[in-house]
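Engineer: No sequence on hand, only this structure:
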């Protein structure tokens, strides 16, 4: 119990610092037209004077896709102190700040694809202690400038809701400002995990972060960059989730403590009023004093009631916002299902969105046909439009006398899809593949029609790490997706 009090105090202090207003910054907002790519330049701040960046923004069906490339910028760890990452923000003239996600900079610059429902916004790149922060800090590295696109509308506004930046040791970084002893992505995960430990956070999520960090370090020593990156990102996500949960708990405790103090004050005033009324029976002067104290107590009760009503209104507003965000996420999934359904047979499952590639998509040597390549390319482009989405490619076959050959057949087809997408430029760190042979039929293998249906490749679209078919079947108590 003793160790939790400093941790809660630290979290409350951190949240209090997050509400402090900093100086206004002048931003340029751009109202983007529909179905047109707009180039947006950036200006570097004194924190990274050598850095340069450019973004390409395209609004399609109410969603803005933002592709950003940064050059001549060191990893965020080069700042030292508590800084670990860069976060890209969309700022609106109305004062809203949307965290679009982390822009990972592994060495001399980096790039990323992001998405937002905003159509009129400016952009900031800030240095932060962990990716899941909710407000941009004063550690501004790059800010967007007006576009020269004549169909877009530029407008200037002042943004005043920056919060104090994280502790940092360097006042500026250069493109060659990082010389750590381990890969940047592992060092970043270690830094964020350490931040959570310093805050006194204790949760299952932090335990998961510790385990993932150890795995990332092991794969780094083994030279397996793909697995190292995967486990390092898992550690970052788990540490951030642990910090957010601890901050929410600290905020709830602070609210409860304030309500308890307020209730105690009301009770104290009520007791004072009772004492004053008792004394009023003795003298007229005491009665007058008692009436005044009673009036004060009534005012305190009214203020307490008003505060309680305000607290309830804030809770209702939070609930409404959570409902709105859930509806938006559901709408995004429905839009994705509708888009993928135009390409191939698509259905929603507990694992994610499953797109089935029939056997007709493959040639005699299990290679993708020309028509299939076009469909698969469009499928991946659509599915991976969201930076949170990943693909799991699973091959399946009909039954046969040689099950080993069936397994190899399914693996060969799954890998053909994976290899094509990798050659097509899709990020391999967001794709996995595996073959299952005839383990998971979707039709009877008695007829040739059923066997043809079973010879398929399924592409599962989901967020983060997608559960493999065997594990999913065990958790559901049956086979299939």
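Structural biologist: Ah, there it is. Small disclaimer: the values here were computed from a predicted structure and weren't measured.

Engineer: Show the end-to-end separation of stretch 92-109, please.
Structural biologist: Terminal residues of stretch 92-109 are spaced 26 Å apart (C-alpha to C-alpha, to the nearest Å).

Engineer: after the host helix or strand of residue 260, next one along is what?
Structural biologist: Here residue 260, judged by DSSP states H and E, is contained in helix 225-280. Beyond helix 225-280 on the C-terminal side, the first helix or strand identified by DSSP H and E is helix 284-341.

Engineer: now that next one: how far from the chain's centre is it?
Structural biologist: Relative to the mean C-alpha coordinate of its chain, helix 284-341 is positioned 27 Å out (C-alpha atoms, centre = their mean, to the nearest Å).

Engineer: quick check: angle from it to helix 225-280?
Structural biologist: Between the axis of helix 284-341 and that of helix 225-280 there is an angle of 160 degrees, by axes from the mean of the first three to the mean of the last three C-alpha atoms, to 10 degrees.

Engineer: Helix 284-341 - contacts with which helices or strands?
Structural biologist: On a contact count with 3 or more C-beta pairs under 8 Å, 6 or more residues apart in numbering; DSSP states H and E, helix 284-341 meets helix 225-280, strand 345-348, strand 353-357, helix 370-383. For the C-beta atoms, the positions are set from N, CA and C on the backbone; glycine is no exception.

Engineer: weakest of the ones you listed by average pLDDT?
Structural biologist: The stretch with the lowest mean pLDDT among the helices and strands packed on helix 284-341 is helix 225-280, at a mean of 86.

Engineer: what's that one packed up against?
Structural biologist: When contacts are defined as 3+ C-beta pairs under 8 Å, 6+ apart, helix 225-280 sits against helix 4-18, helix 184-198, helix 204-222, helix 284-341.

Engineer: which residues does residue 166 contact?
Structural biologist: Residues touching residue 166, when contacts are defined by C-beta atoms under 8 Å, 6 or more residues apart in numbering, comprise 81, 82, 83, 127, 128, 129, 137, 139.

Engineer: Recalculate using a threshold of 7 Å.
Structural biologist: Taking C-beta atoms under 7 Å, 6 or more residues apart in numbering as the definition of contact, the neighbours of residue 166 are 81, 82, 83, 128, 129, 137, 139.

Engineer: Ramachandran coordinates for it?
Structural biologist: Backbone dihedrals for residue 166, given as degrees, to the nearest 10, come out at phi -70, psi 160.

Engineer: domains of this structure?
Structural biologist: The record's domain split for the chain, according to automatic domain parsing, is 22-159, 186-252, 254-337, 342-476.

Engineer: Present those as JSON lines; the columns should include mean neighbour count and distance to residue 172.
Structural biologist: Conversion of the domains of the chain to JSON lines gives the following (neighbours: other C-beta atoms under 10 Å; distance: least, C-beta to C-beta, whole Å):
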{"stretch": "domain 22-159", "mean neighbour count": "19", "distance to residue 172": "5"}
{"stretch": "domain 186-252", "mean neighbour count": "19", "distance to residue 172": "19"}
{"stretch": "domain 254-337", "mean neighbour count": "13", "distance to residue 172": "36"}
{"stretch": "domain 342-476", "mean neighbour count": "17", "distance to residue 172": "28"}
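
Engineer: looking at those domains, which one has the lowest mean pLDDT?
Structural biologist: Across those, the stretch with the lowest average pLDDT is domain 254-337; it has a mean of 79.

Engineer: hang on, the earlier thing: closest one of the contacts of residue 166 to residue 282?
Structural biologist: The shortest gap between residue 282 and any of the contacts of residue 166 belongs to residue 137, at 62.0 Å (C-beta to C-beta).

Engineer: who does the closest one bridge with?
Structural biologist: For residue 137, the beta-bridge partners under DSSP bridges are residue 163.

Engineer: Hmm, it is touching residue 163, no?
Structural biologist: Yes: counting by C-beta atoms under 7 Å, residue 137 touches residue 163, with 5.4 Å between them.

Engineer: tell me which element the residue sitting nearest the centre point of the chain falls in.
Structural biologist: Note on the chain: the residue nearest the mean C-alpha position is residue 101, at 5.9 Å, using C-alpha atoms, centre = their mean. When elements are defined using DSSP H and E, residue 101 is found to belong to strand 97-102.

Engineer: Give me the residues contacting that strand.
Structural biologist: Contact partners of strand 97-102, identified using C-beta under 7 Å, 6+ apart, comprise 66, 85-91, 114, 116, 118, 131, 133-136, 161, 387.

Engineer: In helices only, show me those residues.
Structural biologist: Using DSSP state H, no member of the contacts of strand 97-102 falls within helices.

Engineer: Next, check those residues against the strands and list the overlap.
Structural biologist: Using DSSP state E, the members of those that fall within strands are 66, 85, 86, 87, 88, 89, 90, 91, 114, 116.

Engineer: what sits against residue 124?
Structural biologist: The contact partners of residue 124, by C-beta under 7 Å, 6+ apart, come to 89, 91, 136, 140, 143.

Engineer: cutoff 6 Å now
Structural biologist: For residue 124, the set of contacting residues under the criterion of C-beta atoms under 6 Å, 6 or more residues apart in numbering consists of 89, 136, 140, 143.

Engineer: This completes my enquiry, with thanks.
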